[in-house]
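Visitor: coordinates for the following, if possible.
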Amino acid sequence: MSDEGFGGSSPPDDYRRRLHDAAMKAAKEAVASGLAGRDAHLMQAVKALDDLNEAFNVLSERLAEWYMVLCPGHQMRPVELIDFILKEGLPEEDSVIKGLASTAKALNDERKALEGYIKAAMEEIAPNLSNVAGPILGARLIARAGGLEKLAKMPASSIQVMGAGEALFKHLKAGTPPPKHGLIYKHPLVKGASKKARGKISRMLASKAAIAARVDFYSGETVDLGDLKEKAAAIKAKGRKKHECR
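Guide: From the prediction side, this is the model:
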């Protein structure tokens, strides 16, 4: 065997380096192939959940408008209205409305089942990302990136604005301020923050999500990424302190 191989006259250090590189490459390929199938199912589940959400919202809005004809001024929320119609019943001539309510309930039940599937899948595929972003948002990040491997290779700055395509396009084309957050905005720590604190909290969460995705993809171990609520609270408190000093 020539010096280009692993044996022969290759120096010991060079041999060990090549062996290590080959082992790492094989390990990464094994991890990637193992996750590929589960990734695909997870991404399809996210898309199916979006379809169900859209279908439920459209049908429940139609149901609310139609029921308004029977009971003007009702204040029930969609799920409450659906349960009320199915439990209380309607006159025979309005049975079609009950049929729509039954369909809407089935859609809502299917949404809950699909969310349960996504949560279980995230616990298996990306537990660290699930802990940082929550299982549903974490799954959306994976789906938007095109898989856990692609998400794991993304910088935190890209994860932070993922899903803010329109705002990013305006920034690049018209010079508007760059977006501070995309899908990350759906995280409760961001939604519950003041407008000034959202950017910093989004950046912190994106950084943690990037680390979590890499750990999930490359090692699969569970790691402690710190108390996110405490970090968000510190950012909010710092923002308030600056405001008071002005």
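
Visitor: C-alpha only now, for contacts and for neighbours.
Guide: Noted.

Visitor: domain map for this structure?
Guide: The chain breaks down by automatic domain parsing into domains covering 12-125, 127-246.

Visitor: low-scoring stretches of this protein, by residue?
Guide: For the chain, applying pLDDT under 70 flags the ranges 1-13, 15-37, 93, 164-181, 239-246.

Visitor: tell me where it has helices.
Guide: Under the criterion DSSP state H, helices of the chain are mapped to 12-70, 78-88, 95-125, 127-133, 135-145, 148-152, 156-161, 165-174, 188-191, 195-218, 228-245.

Visitor: from the ones you listed, which stretch is densest packed?
Guide: With neighbours defined as mean count of other C-alpha atoms under 10 Å, the helices of the chain peak in mean count at helix 127-133, which reaches a mean of 24.

Visitor: separation between the most centrally placed residue in the chain and Leu59?
Guide: The structure's the chain has its C-alpha centroid closest to Leu137; by C-alpha atoms, centre = their mean the separation is 2.2 Å. Going from Leu137 to Leu59 by C-alpha to C-alpha, to the nearest Å gives 24 Å.

Visitor: for Arg77, same thing?
Guide: Taking C-alpha to C-alpha, one finds Arg77 at 13 Å from Leu59.

Visitor: again with Asn53
Guide: 10 Å.

Visitor: phi, psi for Ile134 please.
Guide: Heads up, residue 134 is Gly, not Ile. Main-chain torsions, Gly134, degrees, to the nearest 10: phi 90, psi 150.

Visitor: quick check: closest non-adjacent residue to it.
Guide: Nearest residue to Gly134, sequence neighbours excluded (C-alpha to C-alpha, 6 or more residues apart in numbering): His187, at 7.8 Å.

Visitor: hmm, the one you found is touching Ile136, no?
Guide: No - judged on C-alpha atoms under 8 Å, His187 makes no contact with Ile136 at a distance of 10.0 Å.
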